[in-house]
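[1] Just a sequence and a predicted model for now, questions to come.
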Amino acid sequence: MTAIHTARSVTQWCAPPVDANPDARAIRLTDVPLESGERLPEVIVTFQTWGRLSANADNAVLVEHALTGDSHVEGEAGPGQPTAGWWPDLSGPGRPLDTEDLYVVAINVLGGCRGTTGPGSIAPDGKPWGSRFPRTTVRDQVAVETAVADALGIDSWFLVLGGSMGGMRTIEWAAGHPQRTRAALVIASAAQATGDQIAWGQAQTLAITSDPAYAGGDYYGTGGIPSAGLGIARRIAHATYRSADEFNTRFGAQPQDDENPLDGGRFAVESYLDHQAGKLVARFDAGAYVHLTAAMATHDVTRGRGSLAEVLGSYPGLLRVAAVDSDRLFPLALSEEIVAAHGRGRVRLMRSRHGHDGFLIETGQIAAIVSETVSDARRHRLPVQVAG
Ligand SMILES: CC(=O)SCCNC(=O)CCNC(=O)[C@H](O)C(C)(C)COP(=O)(O)OP(=O)(O)OC[C@H]1O[C@@H](n2cnc3c(N)ncnc32)[C@H](O)[C@@H]1OP(=O)(O)O
Ligand SMILES: N[C@@H](CCO)C(=O)O
C-alpha cells in the first residue's frame, strides 16, 4: 500500500528534519521485504520532482544520488536543505535534463539520513532503529524506488542516471528491471564492488564504529554523536575521491597558512581534509554512513543472475557508461567491463584532475554526455513484450 503525501510526519534523527523541506514529498510502504530475508515494517520514502509527467508517463527521468547526496539535485540551500543542488545546471528549463518536457525525480536512498527511513529513524517500538536496523543492499534501495515509480504511475523510466553509488542503483535498475528502464547512464561506477573499494570502506566504517560515541550504533537520542569517527571516515573517503596528482599539484607539501608542520602545525592538504570532514559531520549521520557503506560493499548486479555478460548482454535499453580518467576509486576499467559485458558502445571518458569527484565537478562534460544520452534515448525503443 502506498500513499503520496507531503513529508510532514517523518521522524528522523538526522538534522535537518525533512519536515523543514517544503519540496519533499513522501510515500509510506509497509512490510517491505529485503534481500536478507528480513522485512521492514514501515519505510517512508522521500523524494523531489521537477517538471510534469506526460499523459502517457513516458518522460520520467530518475536521478540517483551518491553516498552522501540527496534528492536536492538542483536549487539553493534552504529550509531542510543543508547544501545547494549537487548537480548544478543539469536539470531545469533548457538544460540537459530539460524540465520543459522531462519529469525529473530524485529519491532519497533507503538506509540514508535525508528523509527516507534509515538507522536513525524511529522503529515501531517508538525508539530509534540504531543497531537494530536491518542490513540493506543496493537491490533493496532500488526495490524501494520501484514503489515510488508505481505510486507516480511510471511504468518505465525514460532515463535513469547517476554517479558512484547512484551509478550502482542505475545499473541495478537496468539489470534488475530492464523493462522499466528505457535508458541508463552509469557514471563513475561499477557493476560490482571491488576489493579495493571494500578495503577503503572497511577503514571508514571502523573509524566510525571505534568512536566510543558510536555506542554500537545506538547513540541516537543519547546526546552523543560519533563526530570524530565520521570525520576520519570522510578524510579517508575524500582522499579516494580525489587524485594524487591533484593533491600533489594543488597542495604539495605546503604548510597551512602560518602553521609549521615541523612544530606540530598542519600541511595545507591536512587543513583541506579537516575542512571536508567538518562539512560532512555537520550534514550527515554516522550510522547512515556505516549502513550505506555496507550496502555498497555488497553491490553486485550478477548475484543470482548469471555472468555479467548474461545480465547486461540481454538488456534491451540504451546503456551509456561514463568514467573519469583520474578516478582511482572507480577506475576506467570498471566502466569498460560494463560496456564489454553489454557488448555495445564505448565508454564516454571525462578528462579531469579531480579523480572520482570529477563526476560532480566537471559539469560541462557531464552536461554534454547527458544531452547526448537524452537525445539517443529519444530514438531508442524497447522491444515490445509479448505475453505468454
Ligand atoms: C552526489 C553527491 O553525493 S555530492 C554530496 C553532496 N554535496 C557535497 O558534498 C558538497 C560538498 N563538496 C564536496 O563534496 C566536494 O568538495 C565537491 C566535489 C562537491 C566540490 O569539489 P570542488 O569544487 O573541487 O571543491 P573543493 O574540494 O576544492 O573544496 C572547496 C572547499 O575546500 C576549502 N579549502 C580549500 N583549501 C583549503 C585548505 N587548505 N584548508 C581548508 N579548507 C580549504 C575551500 O575553502 C572550500 O570550502 P567551502 O566548500 O566550505 O566553500
Ligand atoms: N562526494 C560524493 C562522492 C561519493 O561518490 C559523496 O559524498 O557522495
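    Perfect, I can see it now. Ligands and ions are numbered 1, 2, ... in the order given.
[2] At the contact with ligand 1, which residues of the stretch 201-350 of the chain appear?
    256, 268, 271, 272, 275, 279 (CB under 6 Å from any ligand atom). C-beta here means a position set from N, CA and C on the backbone, and glycine is covered the same way.
[3] which of the residues you listed count as buried?
    256, 268, 271, 272, 279 (16 or more other CB atoms under 10 Å).
[4] can those residues go into JSON lines with extra columns for distance to residue 176?
    Output for those, formatted as JSON lines (distance: CB to CB, whole Å):
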{"residue": "256", "distance to residue 176": "47"}
{"residue": "268", "distance to residue 176": "44"}
{"residue": "271", "distance to residue 176": "43"}
{"residue": "272", "distance to residue 176": "39"}
{"residue": "279", "distance to residue 176": "34"}
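[5] so can I have TSV of the residues you listed showing pLDDT?
    Below are these laid out as TSV (pLDDT from 0 to 100):
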residue	pLDDT
256	98
268	98
271	98
272	98
279	97
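[6] could you pull out the helices for this protein?
    138-152, 165-176, 195-209, 227-241, 244-250, 268-283, 286-297, 308-313, 332-342, 358-361, 363-379 (DSSP state H).
[7] Could you report the pLDDT at residue 23?
    pLDDT, residue 23: 73.
[8] Test my guess that it contacts residue 47.
    No. Under the criterion of CB atoms under 8 Å, residue 23 is not in contact with residue 47, lying 9.6 Å apart.
[9] who are the neighbours in contact with residue 317?
    Taking CB atoms under 8 Å, 6 or more residues apart in numbering as the criterion, residue 317 is in contact with 174, 178, 181, 182, 183, 184, 380, 382.
[10] rerun at 10 Å
    Residues in contact with residue 317 (CB atoms under 10 Å, 6 or more residues apart in numbering) are 156-157, 159-160, 173-174, 178-184, 377, 380-383.
[11] again with residue 88
    73, 74, 75, 95, 360, 363.
[12] and ligand 2, which of those contact it?
    residue 360.
[13] and residue 333, how many neighbours does it have?
    12 (other CB atoms under 10 Å).
[14] same check, this time on residue 372
    For residue 372, using other CB under 10 Å, the count is 14.
[15] ok, now which ones touch it?
    Taking CB under 10 Å, 6+ apart, one finds 96, 185, 320, 348 in contact with residue 372.
[16] Which ones among the residues you listed lie within strands?
    185, 320, 348 (DSSP state E).
[17] Out of these, who's the most crowded?
    residue 185 (30 neighbours).
[18] so what's the nearest residue in space to that one that is not next to it in sequence up against?
    Leaving aside its sequence neighbours, residue 185 sits nearest to residue 161 (CB to CB, 6 or more residues apart in numbering; 3.8 Å). Shown in contact with residue 161 (CB under 10 Å, 6+ apart): 61-64, 87, 90, 97, 167, 170, 173, 183-187, 320, 322, 366, 369-370, 373-374, 377.
[19] Specify which residue of residue 23 and residue 47 has the higher count of neighbours.
    residue 47 (24 against 19).
[20] check contacts around the residue nearest to residue 207 when sequence neighbours are not counted.
    Spatial nearest neighbour of residue 207, chain neighbours left out: residue 232 (3.9 Å); criterion: CB to CB, 6+ apart. If a contact means CB under 10 Å, 6+ apart, then residue 232 has 203, 204, 206, 207, 208, 210, 211, 226, 273, 277 as its contacts.
[21] Kindly report the same for residue 40.
    Here residue 40 is in contact with 29-34, 110-111, 117, 121, 123-124, 129, 133-134, 136, 140, 144 (CB under 10 Å, 6+ apart).
[22] Just checking, which helix or strand of the chain averages the lowest pLDDT?
    Lowest mean confidence among the helices and strands of the chain (mean pLDDT, DSSP states H and E): strand 4-6, at a mean of 41.
[23] Pull out the buried residues from the contacts of residue 317.
    The buried subset of the contacts of residue 317 - by 16+ other CB under 10 Å - is 156-157, 159-160, 173-174, 178, 180-184, 377, 382.
[24] who wins for most neighbours among the contacts of residue 232?
    Ranking these using other CB under 10 Å puts residue 226 first, with 26 neighbours.
[25] closest point of this structure to ligand 1, which residue?
    residue 69 (2.6 Å; CB to the nearest ligand atom).
[26] Not counting its neighbours along the chain, what's nearest that residue?
    residue 86 (5.0 Å).
[27] so how many other residues sit close to that neighbour?
    20.
[28] Surely it touches residue 72?
    Yes. Under the criterion of CB atoms under 10 Å, residue 86 makes contact with residue 72 at 7.0 Å.
[29] what do these two both touch?
    With CB under 10 Å, 6+ apart as the test, residue 86 and residue 72 both reach 65, 106.
[30] which parts of the stretch 151-300 of the chain sit against ligand 2?
    Going by CB under 6 Å from any ligand atom, the residues of the stretch 151-300 of the chain near ligand 2 are 164, 241.
[31] Recalculate using a threshold of 5 Å.
    Contact residues, the stretch 151-300 of the chain versus ligand 2 (CB under 5 Å from any ligand atom): residue 164.
[32] Please apply the same query to the stretch 1-150 of the chain.
    66, 67, 68, 69.
[33] need those residues in a markdown table with pLDDT, can you?
    Converted to a markdown table, these look like this (pLDDT from 0 to 100):
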| residue | pLDDT |
| --- | --- |
| 66 | 98 |
| 67 | 98 |
| 68 | 97 |
| 69 | 96 |
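[34] Those residues, buried ones only, as a ChimeraX selection?
    Per 16+ other CB under 10 Å, the buried members of those correspond to this ChimeraX selection:
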select :66,67,68,69
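[35] Let me see the contact set for the residue nearest to residue 221 when sequence neighbours are not counted.
    Of all residues not flanking residue 221 in the chain, residue 128 sits nearest, at 5.8 Å (CB to CB, 6+ apart). Listed by CB under 10 Å, 6+ apart, the contact partners of residue 128 are 11-13, 118-122, 217-222, 287.
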